[in-house]
Every structure is written in C-alpha cells, then in structure tokens.
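Participant: Compute the structure for the input listed below.
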Amino acid sequence: MSQNRNQDDASIGGGGTTGRTTGGAGIGATDAGTTRDTGLTTTANDAVGSATATAQGIATQAKEQAQQVGQKVADAATQAKDFVSDKFKDLQNTDYRQVAEDARDYARQKPGQALLISAAAGFLIGILLRSGGSNRR
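Facilitator: Numbers count the residues shown, from 1 in each chain. Model (predicted):
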C-alpha cells in the first residue's frame, strides 16, 4: 500500500509538474497578449496623435488663408468705397446741361455711332424691365 501511495504521489507530482508547465505557458501566453494589446494601443494612440497634429496643422493653414482672404476683401472694399465716393463727388459736381450739350455735339459729329449706342441702351433697358416684370408673376 505504501508502494501504491508512492506511485500515487509520483503521479500526483507528475500531474502537478504538468499543471505548472501548462500554467506557465498560459501565463506566458497571457503576457504576450497583453504586450500585443499594449502595442496596438500605443500604435492607435500614435495614429490618433498624428491625425490630431495633422488636423491642427490644416486648421492653422486654413485660418491663415482665411485671414489673408479677409484682408484682401477688406482692401478691395476700401478701394471700392473710395472709387464710389470719388464718382459720387464727380456726379455732384457735374453740370448736367454741359453733359447734354456734349451728347448733342457727339450725335451731330457721329450720327451712326450715336444711333447704335442709343439702340443698345434701349435694348438693355428693355431686358432689365422685362426681367423685373417676370419676377412679379
């Protein structure tokens, strides 16, 4: 019986050794999985960080371009305001009798061109009035 016990102990011990080996392999596999998961997490975090940096760079460039365009628009608006102000002053200082007299003189010197200019002006006015009337329908 003691001999059977030693065999049982040996088989238990053998089983224990096998259990430890399996347990050890299991731990190693778990550690490898954790390392792989950590590596994936690090890679994902790096990708997110890179994408964020790229997005911030693009946003900064877009902001700078928008500021440049805004400045150009502001400059153009200032120039347009100055031009309109000058033309308005010119119109205020214009003697309409003199303009009418200049038009008569031009028509006497070049009647064909004056007739064509008048026809073109009438045509444009007709188009403008017709398009304004179609919006009422």
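Participant: With only the CA atoms kept, save whichever helix or strand Gln98 is part of in CSV.
Facilitator: Using DSSP states H and E, Gln98 sits within helix 96-109. The C-alpha coordinates for helix 96-109 follow below in CSV (Å, rounded to 0.1, in the frame of the first residue of the first chain):
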residue,chain,number,x,y,z
TYR,A,96,-25.9,118.2,-66.4
ARG,A,97,-26.5,120.9,-69.0
GLN,A,98,-22.9,120.5,-70.1
VAL,A,99,-23.3,116.7,-70.4
ALA,A,100,-26.4,117.1,-72.5
GLU,A,101,-24.6,119.6,-74.8
ASP,A,102,-21.7,117.2,-75.1
ALA,A,103,-24.1,114.4,-76.1
ARG,A,104,-25.7,116.6,-78.8
ASP,A,105,-22.3,117.5,-80.2
TYR,A,106,-21.3,113.9,-80.3
ALA,A,107,-24.5,112.9,-82.1
ARG,A,108,-24.0,115.7,-84.7
GLN,A,109,-20.4,114.6,-85.4
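Participant: Show me what secondary structure element comes after that helix.
Facilitator: Next helix or strand after helix 96-109 toward the C-terminus (DSSP H and E): helix 111-134.
Participant: quick one: that next one to helix 96-109, angle?
Facilitator: With axes from the mean of the first three to the mean of the last three CA atoms, to 10 degrees defining the directions, helix 111-134 sits at 120 degrees from helix 96-109.
Participant: mean confidence for the helix or strand hosting Lys63?
Facilitator: Per DSSP H and E: Lys63 is located in helix 2-92. When pLDDT is averaged over helix 2-92, the result is 70.
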